[in-house]
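*Asks:* Give me a 3D structure for the following:
(chains A and B)
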Amino acid sequence: MSQMPHDQTEASHGRPDWGALIFACLLAVAVLVFAWSVVSTARRTTDWLLIAPGAMIAAFAFIYAGIVDLRIKRHVADLAVKARSEAAQPVILIGLTCVFAGAAPFIGFDLGSGIFILLCLLVQGERCWWKLALASIGGAAVMSWVFVDLLMVRLPVIFL
Amino acid sequence: MAWLVVIPGLFIGLIFGAIPGLSISIAMAVFLPATLYMEFLPAILFLTAIFTGGGFGGAVPAILMNIPGTSSAVATAFDGYPMARSGLHGEALGTGLVASAVGTLFGYVILLFIVSPVATLVLMLGPTEMLTVAIWGLLLIAVLNDASIAKGVAAGLLGILISTIGYSDTGMMRGTFGSMYLLDGIPPIPALIGLFAASELINMSGCGDYLVADRELRKIRLGPILKGVKASLRAWPQVLRGSAIGTAIGIIPGVGASVANLASYAAAKRLARNPESFGKGNPAGVIASESANSSSEGGGMVTLLALGLPGGAGTAILLGAFAMHNVTGGPRFISESKDIVYALILGNIVQAILLMGVGLIFVFGASYIVKVRLSYLIPFVLTVSMMGAFAITGSMVGPLTVAGAGALGWVMRRYGYPVTATVVGLLIGPMAEGELTRSWQISGGDPTFLLNRPITLVMFALLLVTITFVLISRKRSRAEVKYDV
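*Replies:* Alright, predicted model coming up:
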């Protein structure tokens, strides 16, 4: 069913990619739980007609892909360590993005954007105070102005 | 008024296409909310202008830095970069620009003549046939990516399953977990912004200060570009051949510019008198790649307009824009809105001509764009995406969807799952479920009903043949290209 990715090779040494298998299993479980929740409450066949077989095929494909990924070992241990250390910054950015998404409608997109840009720049190593101030205050103000006044979008804002 | 958006759209497409890592689909996803308050025609013209501009934009870093700005410019780098290394970067850019503009023009001229007959044929299709078409599109998208087939199928089905969250047509709540925000389901546009744009931007963090580290490689000279323009015009048979290949490949749902440029390059090399010069700086290689990837846009629009099916990531976003303006592509749209369809096609033909002028101006400024630090680019584009998502949904569901889809997309990319397949699944999921339900109701659940539907059987056979053909031809063209480059 599957073909091996071109950029990876099987090697007898190195670490198996457990993360890939865990991710694949999580998604497989998620689609199966979703399908079960639909099938168990369905009133007629058409309620689950696409979902049940789709979820079963998806779960099988996820698990199969995860197992294939597990067989492809990272043969350079350093690369794996490097990849993990690099992953910290994206994870922090994802966290900031989620907090921004949840908070902006309440604290206003102008204030929220300013804080979000400031924190993103700090996380990515910017330390020059005037650049931080200009980018966060100026950037947030310009973008909020474009959406609120130019594009006439009803964004929740505090200052504009 | 509709024309006012074309030139900015071309510029945006050129900018995003030229920045390695920022794809045309990101540009279209980020600017999709800006079309919310536009009329339908200017909105689509704006997005297709981004599409057209991005078609050539990807060639700029491919030629100058050996970094294809988009997957559709991979083959452009094979000969464009060696040309640049030997001091012919201006010529290579000029050659690519003309090939790209003529390719786009060719694709839309063909579309002008075949969209109506294709739509008439499509009117003969019932729910079982349309279901086959939906499966066809999704399967091709799932199969045609750099990941494994299992990952493509899994990602595509994940998109379909996500699209079923919320109230069903029969009034059943599915996967809402009691949340009133999910009653309307997952909003597809913020989801695709998250999957395409947010995940890729987050992925870029920690990968260096700039998109292109070497300062010298960011500079672009314009002097010899006109020389390249003339050379490309003189090589018109090669331009037309690449355009024809690109258009034909673009018409197949799920096959886009990424495959077209490689197939055209392989064909050009096979037919050349001096195939050994390919990969060493032969302008014919740039022409083959650029004419094909640009003309595939017009081909992809055939399936979008006639069937309501996206042929790739760019047309998937266009389909999202259609939905945002309460327009459904397909035969009915073509027969009832001929004026809009032909205005759209003619508008795109004009865009191709405008691309020549705008493209020439663009290459002057291209080096300054890649000088923007990644640490600034990421939060600014994410903020625009969040504001756009809120504008679409009018609630926090939009921004939260962008964030959630961005996180999911980031992990999917990390483990090699094609997010394009998920997005296409998300967009065609409702159509697939509707047609499946109708097929079930008509047949009474009897699968032998299909034996009385010869068109469905023929389409199933064609589906199998197409997938086999596409897999074999892609493998061959890639192997051929790889062998000598």
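*Asks:* ok, residue B:128 - contacts?
*Replies:* Residues in contact with residue B:128, defined by Cβ atoms under 8 Å, 6 or more residues apart in numbering or on different chains, are B:435, B:439, B:442, B:443, B:449, B:450, B:453, B:456. For glycine as for every other residue, the C-beta is placed from the backbone atoms N, C-alpha and C.
*Asks:* And what about it, helix, strand or coil?
*Replies:* For residue B:128, the assignment made with DSSP: H, G, I helix; E, B strand; the rest coil gives helix.
*Asks:* Take the contacts of residue B:128 and write them to a markdown table, including secondary structure, neighbour count and pLDDT.
*Replies:* Shown next, in a markdown table, are the contacts of residue B:128 (DSSP: H, G, I helix; E, B strand; the rest coil; neighbours: other Cβ atoms under 10 Å in any protein chain shown; pLDDT from 0 to 100):
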| residue | secondary structure | neighbour count | pLDDT |
| --- | --- | --- | --- |
| B:435 | helix | 23 | 86 |
| B:439 | helix | 23 | 89 |
| B:442 | helix | 13 | 88 |
| B:443 | helix | 16 | 87 |
| B:449 | helix | 15 | 85 |
| B:450 | helix | 15 | 83 |
| B:453 | coil | 19 | 86 |
| B:456 | helix | 21 | 87 |
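*Asks:* Relative to residue B:385, which of those residues is nearest.
*Replies:* Proximity to residue B:385 was ranked across the contacts of residue B:128 by Cβ to Cβ; first place goes to residue B:435, at 31.9 Å.
*Asks:* Apart from its neighbours in sequence, what residue is nearest the residue nearest the centre of chain A?
*Replies:* Relative to the mean C-alpha position of chain A, the nearest C-alpha, by Cα atoms, centre = their mean, is the one of residue A:94, at 6.4 Å. Taking Cβ to Cβ, 6 or more residues apart in numbering or on different chains, and ignoring the residues beside it in sequence, residue A:94 has residue B:407 as its nearest neighbour in space, at 4.7 Å.
*Asks:* gap between residue B:195 and chain A?
*Replies:* Residue B:195 is 13 Å from chain A, where distance means Cβ to the nearest Cβ, to the nearest Å.
*Asks:* contacting residues around that residue?
*Replies:* Residue B:195 makes contact with B:405, B:406, B:408, B:409, B:412, B:419, B:422, B:423 under the criterion Cβ under 8 Å, 6+ apart.
*Asks:* Lowest-confidence entry in those residues?
*Replies:* Sorting those by confidence puts residue B:423 at the bottom, with a pLDDT of 80.
*Asks:* Output the lowest mean pLDDT helix or strand found in chain A.
*Replies:* Of all the helices and strands that make up chain A, helix A:77-107 has the lowest average by mean pLDDT, DSSP states H and E, namely a mean of 77.
*Asks:* So residue B:47 sits against residue B:35, correct?
*Replies:* Yes. When contacts are counted by Cβ atoms under 8 Å, residue B:47 is listed as touching residue B:35 (6.5 Å).
*Asks:* got any residues that touch both of those two?
*Replies:* What both residue B:47 and residue B:35 touch, as defined by Cβ under 8 Å, 6+ apart, is the set residue B:321.
*Asks:* Among the two, which residue is more densely surrounded?
*Replies:* Relative neighbour count places residue B:47 above the other of residue B:47 and residue B:35, with 30 against 22, counting by other Cβ atoms under 10 Å in any protein chain shown.
*Asks:* In PDB, list the C-alpha atoms belonging to the strand or helix carrying the more buried one.
*Replies:* Assigning secondary structure by DSSP states H and E places residue B:47 in helix B:40-57. Once side chains and other backbone atoms are set aside, the C-alpha atoms of helix B:40-57 remain, and they are given as PDB (Å, rounded to 0.1, in the frame of the first residue of the first chain):
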ATOM      1  CA  PHE B  40     -17.500  37.600  -6.400                       C
ATOM      2  CA  LEU B  41     -15.700  38.500  -9.700                       C
ATOM      3  CA  PRO B  42     -13.100  40.900  -8.300                       C
ATOM      4  CA  ALA B  43     -12.500  38.400  -5.400                       C
ATOM      5  CA  ILE B  44     -11.800  35.600  -7.800                       C
ATOM      6  CA  LEU B  45      -9.800  37.800 -10.100                       C
ATOM      7  CA  PHE B  46      -7.700  38.900  -7.100                       C
ATOM      8  CA  LEU B  47      -7.000  35.400  -6.000                       C
ATOM      9  CA  THR B  48      -6.300  34.100  -9.500                       C
ATOM     10  CA  ALA B  49      -3.900  37.100 -10.000                       C
ATOM     11  CA  ILE B  50      -2.000  35.800  -6.900                       C
ATOM     12  CA  PHE B  51      -2.100  32.400  -8.500                       C
ATOM     13  CA  THR B  52      -0.700  33.700 -11.800                       C
ATOM     14  CA  GLY B  53       1.900  35.900 -10.200                       C
ATOM     15  CA  GLY B  54       3.000  33.000  -7.900                       C
ATOM     16  CA  GLY B  55       3.400  30.800 -11.000                       C
ATOM     17  CA  PHE B  56       6.400  32.900 -12.100                       C
ATOM     18  CA  GLY B  57       7.400  34.100  -8.600                       C
END
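*Asks:* Heading C-terminal from it, find the next helix or strand.
*Replies:* Next helix or strand after helix B:40-57 toward the C-terminus (DSSP H and E): helix B:59-65.
*Asks:* How about the secondary structure of residue B:445?
*Replies:* Secondary structure of residue B:445, reduced to three states by three-state DSSP: coil.
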